[in-house]
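Chemist: Mind folding the following:
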Amino acid sequence: MRVATVAFYGCALGLLAMGLREMFSGFEENRCTMTYMFEYPEYRRIALPRRVARQYPAYGLYLYGEGQYAQDTRGLKLTGAPVLFLPGNAGSYKQARSLGSVALRKAEALEGGVHLNVFTIDFNEELVALYGGSLRRQTLFLHESIKAILRLYKDHEAPPHSVVLVGHSMGGVVARALFTLPRFSPRLVSLIITQASPHQAPVLSLDAHLLEFYSAVRQRWVGRAEDLRNVTVLSVGGGYRDYQVRSGLTALPCPQDDPSKLSLVVTAVPRTWVSTDHLSIVWCKELVLATVRAFFDLIEPETGQFSDDPERRMAILNHHFIRHPVRVLGEQLEMPVSLSGSPKTWSEVNTLRLAYSAPKEGQAKYFLFALSSRRRAYSHFYCRSNNLEMTSWVYGCTQMNGSMCVQAVDLSFGTELLPAYKVLTLSLSELSSVSHLIVVASNLNGRQFTVECEWQRQESQTVSVPVPHVLSFGMSVSDVTLNSTGLRHTIELQHFHQVYQAFRISVVSHCKVTKADRLPNVYIMKVPWFREDSVTTSSIPSVTEISGMLHTSRPDNSTGVLLQLHTAPNCLYKVSVRTSFPRVLGQVLRFCGPVLPVYVAVALLLACGGQMSSVVRMGRPLQMSHAVARSLQPHKVDLPVYLLHLLLRYSWFQDGWSTLHLPPLDALPATSPDGMTQEGLPLNEDWPRLLSPLLYVLGAAIAFWGSVLLRLFLRLLSLLLAPLHRPSVSRDCGTLRRRTQLLLILCLSVLGWASCGALSITATFLLHLYRVLRLQMTERSLSHMLNLAPDKQTDKEKGTGEKEKGTGEKEKGTGEKEKGTGEKERGTGNSEALDSKPKECNGAPLLSDSVLQDVRDDLQLHVSLSALLTLPVMLCAPSLIHWTRNLRYSVARLDPDPCWPHSMPLFIASLLLINCNTLTLSYSKTLPITSRLLLPLSVAMVSFSPLHLYRVNYFVSAALVPLAVSCLF
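Modeler: The predicted structure follows:
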């Protein structure tokens, strides 16, 4: 049984390690380019009003500068457009240097006087993602900082009326929270750009203040969105490299018909196309360049300040972040244009495909494609070129003069920029007023490039492939072979629309003829319902692997994921799709990993319940590892929770639930972009509930191996502390007197009220840990004694007792009476009361094996309690860290304190349990009820805690309080 248990939990640990490895390192290498500074950066502190400085002593406002610019702005005579950077969770105000340095270089290159003034806020590197008590304070300070920045421009001829905000991580959430302030004017902020900001929900809901903050922000932006339509917000997610904030959380919760809100993943940003981790998204040069280009395009040349036109802002953001047309922004050539050139420069193409390479000598060249003979046979015209000049290159002819076109309309605005070339796809049904298509291939500057165009029938170049089932474990494969007679193919991946699906998509390209000037392949995985496209470039021939994973689930019945292949002509492409089990585990942990602490707590709670039941039956607890191993009971925990979810679909049950004023049940995190369908109804996702047994197994594995590590840690620490303590042979070592307990309860209550509730919990945990260490030292001392007297048992009784001890299922010892007799006696081979004096030998007490067994029983009990108490200490640690780091700035009391007064029952019960032992519990009249109470508490924990992790502390308190009562009565 023990070997099977270790093997089972070893396999579970292996699955967990496989998923963690995939989540942390199973992605592309960091292809971001570092942003370097050419001069030493300087951060000049901005003086704030005395009231603000006194109210927020830990915060500060700075102006970024370097070199000559830093010298010029020393007097704070500013003339640029203000941009304010907001750091995120534990972020530094110095992270603004990448944005500020690139903006400074851009301004120097323009030489037009237009520039940015980049400000940054020091939030004291607070852990606002884990402690929500300071989010409101940061929001208020941000408001004061914006007013202080605008006051710096009061003497300017055209002073700015608003500030552009760039928020990283939780800084983006704080930026949106500005609009919840009653005295904040929305005109002060017209544009917000957020980077890896979890707008949907907090990553870990460790306190109620964090959730209340999110609720207020969401209510303001969703419930009252009409008056915020002039505020433009762009949210950028980091992709799969960012394992701290998954990109699904960065989607903006807003009405779908709001055109001024954009959400996307950085892999879909033109000229970026890379995934960033949570920190590199701030300094990734590709993304910083796109942001700075957008800022300078937003500046009005007349005033030198940002534009107030919402439509212009959206057009610029779409140009730089959504679809780059390889054109100079602002050019409008919709009116007919005249084309010139000699007849020699015009060539009519009568074939289905054009492949042209510009020579080294500069010349004008125009290719003419007649539409009249192609409209019926083909649906689209596709063209691509690696000439990335910002010029028009495809026209539609409206007036012909012989073999030349003299008047045409520009069709290049539909161009899409890809990593290797620009492409344009035109629908022939939309070109009814055009007789010919003209492709401009002139290279007057002598630059060499390649142009490839063809007529396409979209239906014949689109293939549907059903993806393998997620439980195929990579054994089955779906593949398709493309005999590439065209330049672009589309594969629709059927039934691929959930985040728990993960595939290895392999594309093998092979050409019969090798050409050196062949354009590379570009593979794009397009997700119709969210801008999370990923782009992969490969040479020819090659074997390319694409990660088929999603950041969001499909919210409706729209089309599935599309794999778009920009291929080389006359080549063979084989595409195979295979389920990747490690990536499936990685996706499960990426989306459901924050729920694992709940299942760890359930496993430890049920293990404690198993030990209590063993004390009721046999008078001694199970070993810690055996108790945790037996705590895996998904049928007793998940089945009632699932039944509750089913019953809540009926109106009569919902009415009764509301009558009892019960909170709504927690489900696993929503995976759609906003957790809503297009009709605005909440999504009802059943698949996350099917993952509950797997999460339970992983949580039990963490509890099992965590308890093993805890035992090893206790043994090592007890060895180090043993020289500082006198050897003891009593099971009461490390206990507290009753008066001492009462005094500690009073002191810790005052300490928690006057400082921080987490401090009282931590102090109580350390006191209990000391009790466990003393038991560990006593157990080692007794186990090394050679003069322990054997118990007065017959060999038969002794063997029976050992067998019963090993199995943990039978009554202990032949001298132990049944509990049903009314009085329970500890069986050690005699019928004497256990509180009688020990026998003496030569005037000294005679110790028996039962004393060692008693100490071991108490040790198993308290190790289980220590493991359970570890969870509240970890969940309350962020507030304790925040309180410790802010002691020099504020009064000793943490306000608000998420752990007070809820921590009082927890540390009072923990202090009372220090004196608890198995003998006291075996005589308790309330222990049978307490042992049966832990299973309903576990069910309630799974029902109400996955999205409210701080509630785990409440359920642990609800379990320890009855247990402490059982030790007293």
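Chemist: Tell me the secondary structure at Pro621.
Modeler: coil (DSSP: H, G, I helix; E, B strand; the rest coil).
Chemist: Check the burial of the spatially closest residue to it that is not a sequence neighbour by counting its neighbours.
Modeler: In this structure, Pro621 finds its nearest non-sequential neighbour in Gln611, 3.8 Å apart by Cβ to Cβ, 6 or more residues apart in numbering. Glycine gets a C-beta too; all of them are placed from N, C-alpha and C. For Gln611, the number of neighbouring residues by other Cβ atoms under 10 Å comes to 30.
Chemist: State the next helix or strand along the chain beyond whichever helix or strand Gln611 is part of.
Modeler: Element membership for Gln611, per DSSP states H and E: helix 596-618. Under the assignment DSSP H and E, the closest C-terminal helix or strand after helix 596-618 is helix 624-629.
Chemist: Who are the packing partners of that following helix?
Modeler: helix 2-25, helix 596-618, helix 692-721, helix 849-885 (3 or more Cβ pairs under 8 Å, 6 or more residues apart in numbering; DSSP states H and E).
Chemist: can I get those helices in CSV with mean pLDDT and distance to Lys344?
Modeler: Listed next are those as CSV, based on pLDDT from 0 to 100; distance: least, Cβ to Cβ, whole Å:
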stretch, mean pLDDT, distance to Lys344
helix 2-25, 92, 59
helix 596-618, 94, 72
helix 692-721, 94, 71
helix 849-885, 93, 74
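Chemist: And these: which comes nearest Arg218?
Modeler: helix 849-885 (22.1 Å; Cβ to Cβ).
Chemist: coming back round to it: could you single out the most deeply buried of the helices and strands packed on helix 624-629?
Modeler: Greatest average neighbour count among the helices and strands packed on helix 624-629 goes to helix 596-618 (a mean of 25), per mean count of other Cβ atoms under 10 Å.
Chemist: Can you tell me which helices and strands it packs against?
Modeler: By 3+ Cβ pairs under 8 Å, 6+ apart, helix 596-618 packs against helix 624-629, helix 692-721, helix 849-885, helix 918-922, helix 927-944, helix 951-968.
Chemist: can you put the ones you listed in TSV and add distance to Val463?
Modeler: Formatted as TSV, the helices and strands packed on helix 596-618 follow (distance: least, Cβ to Cβ, whole Å):
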stretch	distance to Val463
helix 624-629	50
helix 692-721	34
helix 849-885	50
helix 918-922	68
helix 927-944	44
helix 951-968	49
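Chemist: Ok, which of those comes nearest Arg136?
Modeler: It is, among these and with distance given as Cβ to Cβ, helix 849-885, at 13.6 Å.
Chemist: re the thing from before, so which of the helices and strands packed on helix 596-618 is nearest Tyr43?
Modeler: With Cβ to Cβ as the criterion, Tyr43 lies closest to helix 849-885 of the helices and strands packed on helix 596-618, at 20.3 Å.
Chemist: Might you list the low-confidence residue ranges for the stretch 251-400 of the chain?
Modeler: The model of the stretch 251-400 of the chain has pLDDT under 70 over residues 331-334.
Chemist: ranges for the strands of it?
Modeler: 261-265, 337-338, 346-348, 353-357, 366-370, 380-385, 394-401 (DSSP state E, counting those that start in this stretch).
Chemist: Could you dump those strands into JSON lines and include distance to Tyr153 and mean neighbour count?
Modeler: Shown next, in JSON lines, are these (distance: least, Cβ to Cβ, whole Å; neighbours: other Cβ atoms under 10 Å):
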{"stretch": "strand 261-265", "distance to Tyr153": "28", "mean neighbour count": "23"}
{"stretch": "strand 337-338", "distance to Tyr153": "42", "mean neighbour count": "11"}
{"stretch": "strand 346-348", "distance to Tyr153": "56", "mean neighbour count": "15"}
{"stretch": "strand 353-357", "distance to Tyr153": "53", "mean neighbour count": "15"}
{"stretch": "strand 366-370", "distance to Tyr153": "51", "mean neighbour count": "19"}
{"stretch": "strand 380-385", "distance to Tyr153": "45", "mean neighbour count": "22"}
{"stretch": "strand 394-401", "distance to Tyr153": "45", "mean neighbour count": "18"}
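Chemist: circling back: now do the contacts for the residue nearest to Pro621.
Modeler: Counting by Cβ atoms under 8 Å, 6 or more residues apart in numbering, Gln611 touches Pro621, Leu622, Ala627, Gln860, Leu861, Ser864.
Chemist: helix/strand/coil for the closest residue to Glu125 other than its chain neighbours?
Modeler: Closest residue to Glu125 apart from its sequence neighbours, by Cβ to Cβ, 6+ apart: Ala90 at 4.9 Å. Recorded secondary structure, Ala90: coil (three-state DSSP).
Chemist: what's the closest of the helices and strands packed on helix 624-629 to Ser98?
Modeler: Judging those by Cβ to Cβ, what sits closest to Ser98 is helix 2-25, at 24.3 Å.
Chemist: That closest one - contacts with which helices or strands?
Modeler: helix 581-592, helix 624-629, helix 692-721.
Chemist: Each with direction, which strands does the following helix or strand past that helix pair with?
Modeler: The first helix or strand that comes after helix 2-25 along the chain, using DSSP H and E, is strand 41-45. Looking at strand 41-45 with DSSP bridges, its partner strands are strand 60-66 (antiparallel).
Chemist: what does the strand it pairs with contact?
Modeler: 37-46, 48, 73, 76, 78, 85, 93, 96-97, 100-101, 104, 117-122, 145, 148-149.
Chemist: Can you check the pLDDT for Pro520?
Modeler: You'll see Pro520 listed with a pLDDT of 92.
Chemist: Against Leu887, how distant is it?
Modeler: As judged by Cβ to Cβ, to the nearest Å, Pro520 and Leu887 stand 58 Å apart.
Chemist: Counting neighbours, go ahead and name the busier of those two.
Modeler: Shown here are Pro520 and Leu887; by other Cβ under 10 Å, Pro520 has more neighbours (17 against 12).
Chemist: Spatially nearest residue to that one (excluding sequence neighbours)?
Modeler: In space, Pro520 comes closest to Ala420 once its chain neighbours are excluded; the distance is 4.8 Å by Cβ to Cβ, 6+ apart.
Chemist: Please tell me I have it right and that neighbour contacts Ser385.
Modeler: No: Ala420 lies out of contact with Ser385 (Cβ atoms under 8 Å); the separation is 10.4 Å.
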